[in-house]
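[1] Predicted coordinates and the sequence they were generated for:
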Amino acid sequence: MLLQGATLLVAPRLLLEVIRVVPVPGDVWVRLAGRALCALGFYYVMAARSELTAFFRWTVPVRIAQFLVFVLFFALSWVKPVLVVFSAFELACGLWTALALRAPSAA
């Protein structure tokens, strides 16, 4: 998230062209989204450093919901399929987090 956010802040065209969002929006909202991603990434890093497993438990349903929302948006033709692929990665990370939290060493 930190890397994605920083890229959207500094060079939004780079990331948006990679995920095939063309034409690339030129307004400030893309950079504001980058700022929000940086903040979320910071929270993840700080939660990990503090071993706040509850925080990571909270992220699991949010990541699953994000995937479902992106699939719905794709079904409604609001987004391109590449965004579903990106959200599938987020879904996989969420499921991985859920499994890691269930592992005996996480207790």
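    Here it is on my side, so go on.
[2] so is residue 82 in a helix, a strand, or just coil?
    helix (DSSP: H, G, I helix; E, B strand; the rest coil).
[3] now swap in residue 94 and tell me
    Residue 94 ends up helix, using three-state DSSP.
[4] Please tell me how far the host helix or strand of residue 70 is from the chain's geometric centre.
    Using DSSP states H and E, residue 70 sits within helix 53-75. Helix 53-75 sits 9 Å away from the centroid of its parent chain (CA atoms, centre = their mean, to the nearest Å).
[5] Mind listing residues that contact that helix?
    43-44, 47-48, 79-81, 83-84, 86-88, 90-91, 93-95, 97-98, 101, 106 (CB atoms under 8 Å, 6 or more residues apart in numbering). Yep, even glycine has a C-beta here, placed from its N, CA and C like the rest.
[6] tell me the pLDDT at residue 105?
    You'll see residue 105 listed with a pLDDT of 67.
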